[in-house]
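A.B. asks: everything below, folded, please.
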Amino acid sequence: MNAYSIFRGLLFRPLIRLLWRPWMEGVENVPTSGPVILVSNHVSWGDTLFTPAMLPRQMTFPAKGELFETEGKGPLAKLVAWFLRTVGMHPMDRSGGRGSVDSLALVNDSLDREQLVLGIYPEGTRSPDGRLYKGKTGVARLVLAGHAAVLPVGVVSSEIHRGPLGIPMMHRPGLRIGRPLDFEEYRGQPPNREVLRWVTDEIMAAIQELTGQQYVDVYAASVKTQALEPGALDDRVLARPGLGTTKPPVPVLAAPEPVPAGPVDGVGSSGA
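C.D. replies: Residues are numbered from 1 along each chain as shown. The predicted structure follows:
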């Protein structure tokens with residue numbers, strides 16, 4: 001039994017079941033083996049606790065790289081870094097550019113090597129008001145760069161409120177697990193902005209089907225930074241992510257050059 005199983009089985013799962021009484025639907029859709037990218041909406045910080053506690057397989061999340069750096073930091077920061085490493089969390093560079101691309105490659109390598117279930121929140125941050133927001137295409141890059149199954153999950157009723165003695169409480173949060181999504185035809189192709197956006201929107205649409213959330217076609221971060229006024233959001237509400245777009249064509253790989261006729265592997269004609 002590894003450290004993850006100990007923390008989950010002896011601490012998190014019993015405590016979460018006692019306090020929050022979560023429920024789950026569609027557990028039969030979780031692949032029993034192989035790498036999996038679990039994509040989900042994100043309503044509260046409690047999502048990152050009760051989702052892995054309920055899932056039947058070991059799960060990890062990419063965490064901010066800064067959380068793993070301990071030089072010059074206090075005891076609490078060192079404890080957090082130790083815990084993240086112990087339970088198998090993966091550092092993620094979120095600065096953008098080459099660092100983020102390399103970080104994604106390392107995560108994909110770990111997915112294949114360790115047969116992980118990796119949790120991703122495509123919105124990039126928690127929803128500011130409980131609605132579903134535009135997904136960032138980094139999730140599509142991760143999906144198309146590897147061979148992991150893509151598992152959509154809808155988190156419902158996970159809002160946190162203060163309970164007795166100040167204990168953080170949820171009112172019966174739930175997980176709805178959908179069937180794995182198939183993007184195999186686009187894998188192994190050079191990055192394409194149209195394909196990345198379509199794959200991301202299809203992922204977000206699958207999540208919306210599970211949650212029933214209203215969809216707003218802007219990034220949640222732009223709302224949190226007040227780059228957009230709350231009143232402007234009503235004009236960006238769509239029935240579903242990617243509404244009005246069509247599936248992009250599958251890139252056609254160049255045909256291999258024909259092999260010239262003649263001797264093969266050094267074996268010539270018989271000379272007859």
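A.B. asks: what's the local residue count around the residue lying closest to Val43 once chain neighbours are set aside?
C.D. replies: Leaving aside its chain neighbours, Val43 sits nearest to Ser158 (4.8 Å; criterion: CB to CB, 6 or more residues apart in numbering). The C-beta positions use only the backbone N, C-alpha and C, and glycine is treated the same way. Each residue near Ser158 was counted by other CB atoms under 10 Å, and the total is 24.
A.B. asks: residue contacts, Ser158?
C.D. replies: Ser158 is in contact with Val43, Ser44, Gly46, Asp47, Phe50, Met170, Pro173, counting by CB atoms under 8 Å, 6 or more residues apart in numbering.
A.B. asks: doesn't the fifth one fall inside a helix?
C.D. replies: Yes: following the definition DSSP: H, G, I helix; E, B strand; the rest coil, Phe50 is counted among the residues of a helix.
A.B. asks: hey, C-alpha coordinates of the helix or strand containing Leu196 in CSV?
C.D. replies: Secondary structure from DSSP states H and E places Leu196 in helix 193-211. Taking Å, rounded to 0.1, in the frame of the first residue of the first chain, the C-alpha atoms of helix 193-211 are listed here in CSV:
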residue,chain,number,x,y,z
ARG,A,193,-5.4,26.1,-33.6
GLU,A,194,-8.7,25.1,-35.1
VAL,A,195,-8.4,21.5,-34.0
LEU,A,196,-7.2,22.5,-30.5
ARG,A,197,-10.2,24.8,-30.0
TRP,A,198,-12.7,22.2,-31.4
VAL,A,199,-11.4,19.5,-29.1
THR,A,200,-11.5,21.8,-26.1
ASP,A,201,-15.1,22.8,-26.9
GLU,A,202,-16.1,19.2,-27.3
ILE,A,203,-14.6,18.4,-23.9
MET,A,204,-16.4,21.4,-22.3
ALA,A,205,-19.7,20.4,-24.0
ALA,A,206,-19.4,16.8,-22.5
ILE,A,207,-18.9,18.3,-19.1
GLN,A,208,-21.9,20.6,-19.5
GLU,A,209,-24.1,17.7,-20.4
LEU,A,210,-23.2,16.1,-17.1
THR,A,211,-23.7,19.2,-15.0
